[in-house]
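S.K.: sequence-free structure coming up:
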């Protein structure tokens, strides 16, 4: 595996691989890698001839009161995990390399960014879409792998790639969880022992909501109430939202029908956690 910090060097390496007939896989990350990230890289390595991973803590997607400065970083461990997962090229650009001057251009995606994380974190998805568009432009035609844990982000990236005609296939990969159901996240490191014990309540709420749909419930309000009751049982959880939506558009659906996604967000101690699961209402 080669590690580079300069975009032009990464492009040259990728172009050489592609000119030799290699199919390219891309795994964008913000580092502090866990088993969920590794699963994306291993999936890419199983499906692509040349795997590119990126580590970049993107300032555009952090609000002024968010944890940009405190976001966990461990490049030495991350590099070893990338190499062990089959990555061929690791791009680790600095902020000056990615944004050499004031950014006067931003990519925004309408509608699906209006609620949930978009409402709670104004400007977040414009930052995500902008940096991902830059990475797609740097890497070129590829398959790009994203975790389903950030379901709304996955929908935003898919919409952006389609709208802007990127030669990129966006691949969603299943959420990797701890044994107690907590979705793996770099921000889980913020949790103290008591908060960590409380955090699986998000997954329990989602499971309860999905089970009610499987049992025949078709009222969105009732499913929301089921999730809210479970979340309310944990005093450490400050709930932001608990909702069931169309899986593709994130539109509210009532009565429930088709492919659905149950979404929850809550603050537990110093960490704001999100999670989701899928369900089908026939």
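M.R.: Thanks, I have the structure now. Note that the structure is predicted; figures quoted are calculated from it, not measured. Residues are numbered from 1 along each chain as shown.

S.K.: got any ranges where the stretch 51-200 of the chain has weak pLDDT?
M.R.: Within the stretch 51-200 of the chain, the set of residues satisfying pLDDT under 70 is empty.

S.K.: all helices for it, in order.
M.R.: Assigned by DSSP state H, counting those that start in this stretch, the helices in the stretch 51-200 of the chain fall at 75-84, 95-98, 117-120, 124-139, 151-163, 193-198.

S.K.: possible to save the ones you listed as CSV with distance to residue 11?
M.R.: (Each C-beta comes from the backbone N, C-alpha and C, glycine too.) Listed next are the helices of the stretch 51-200 of the chain as CSV, based on distance: least, Cβ to Cβ, whole Å:
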stretch, distance to residue 11
helix 75-84, 19
helix 95-98, 12
helix 117-120, 31
helix 124-139, 6
helix 151-163, 19
helix 193-198, 41
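
S.K.: Out of the ones you listed, which gets nearest to residue 239?
M.R.: Relative to residue 239, the nearest member of the helices of the stretch 51-200 of the chain by Cβ to Cβ is helix 117-120, separated by 11.4 Å.

S.K.: So which elements touch the closest one?
M.R.: Here helix 117-120 is seen to pack against helix 124-139, helix 151-163 when contacts are counted using 3 or more Cβ pairs under 8 Å, 6 or more residues apart in numbering; DSSP states H and E.

S.K.: In TSV: those, plus distance to residue 274 and mean neighbour count.
M.R.: Putting those into TSV (distance: least, Cβ to Cβ, whole Å; neighbours: other Cβ atoms under 10 Å) gives the following:
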stretch	distance to residue 274	mean neighbour count
helix 124-139	11	21
helix 151-163	8	20
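
S.K.: what's the closest of those to residue 233?
M.R.: Counting by Cβ to Cβ, residue 233 lies closest to helix 151-163 out of the helices and strands packed on helix 117-120; the figure is 23.7 Å.

S.K.: tell me the angle that closest one makes with helix 124-139.
M.R.: Orientation check (axes from the mean of the first three to the mean of the last three Cα atoms, to 10 degrees): helix 151-163 against helix 124-139 gives 50 degrees.

S.K.: Would you check that residue 275 makes contact with residue 242?
M.R.: No: the pair residue 275 and residue 242 does not pass the contact test of Cβ atoms under 8 Å, sitting 10.3 Å apart.

S.K.: So for these two, which residues contact both of them?
M.R.: Shared between the contact lists of residue 275 and residue 242 (criterion: Cβ atoms under 8 Å, 6 or more residues apart in numbering) are residues 263, 264.

S.K.: looking at the helices of the stretch 51-200 of the chain, which is closest to residue 49?
M.R.: Closest approach to residue 49 among the helices of the stretch 51-200 of the chain is made by helix 124-139 (13.7 Å; Cβ to Cβ).

S.K.: Residue 248: how many residues sit nearby?
M.R.: Residue 248 is surrounded by 14 other residues when neighbours are defined as other Cβ atoms under 10 Å.

S.K.: for residue 94, that is, sorry about that
M.R.: 11.

S.K.: If you drop the residues flanking it in sequence, what lies closest to it?
M.R.: Among residues not flanking residue 94 along the chain, residue 5 sits closest, at 6.6 Å (Cβ to Cβ, 6 or more residues apart in numbering).

S.K.: per-residue pLDDT, residue 24?
M.R.: In the predicted model, residue 24 carries a pLDDT score of 98.

S.K.: you'd agree it is up against residue 16?
M.R.: No: judged on Cβ under 8 Å, residue 24 makes no contact with residue 16 at a distance of 11.1 Å.

S.K.: neighbour count winner among these two?
M.R.: Under the neighbour definition other Cβ under 10 Å, residue 24 and residue 16 were set side by side, and residue 24 has more, 23 against 11.

S.K.: give me the beta-bridge partners of that one?
M.R.: When assigned by DSSP bridges, residue 24 has beta-bridge partners residue 50.

S.K.: Please name the residues that touch it.
M.R.: Taking Cβ under 8 Å, 6+ apart as the criterion, residue 24 is in contact with 14, 17-18, 48-52, 139-143.

S.K.: Most neighbours among these, please name it.
M.R.: Highest neighbour count within these, by other Cβ under 10 Å: residue 51, with 31 neighbours.

S.K.: Wait, that one touches residue 40, no?
M.R.: No: between residue 51 and residue 40 there is no contact, the gap being 9.8 Å when judged by Cβ under 8 Å.

S.K.: one step back: which of the helices of the stretch 51-200 of the chain sits closest to residue 67?
M.R.: Closest approach to residue 67 among the helices of the stretch 51-200 of the chain is made by helix 124-139 (12.5 Å; Cβ to Cβ).
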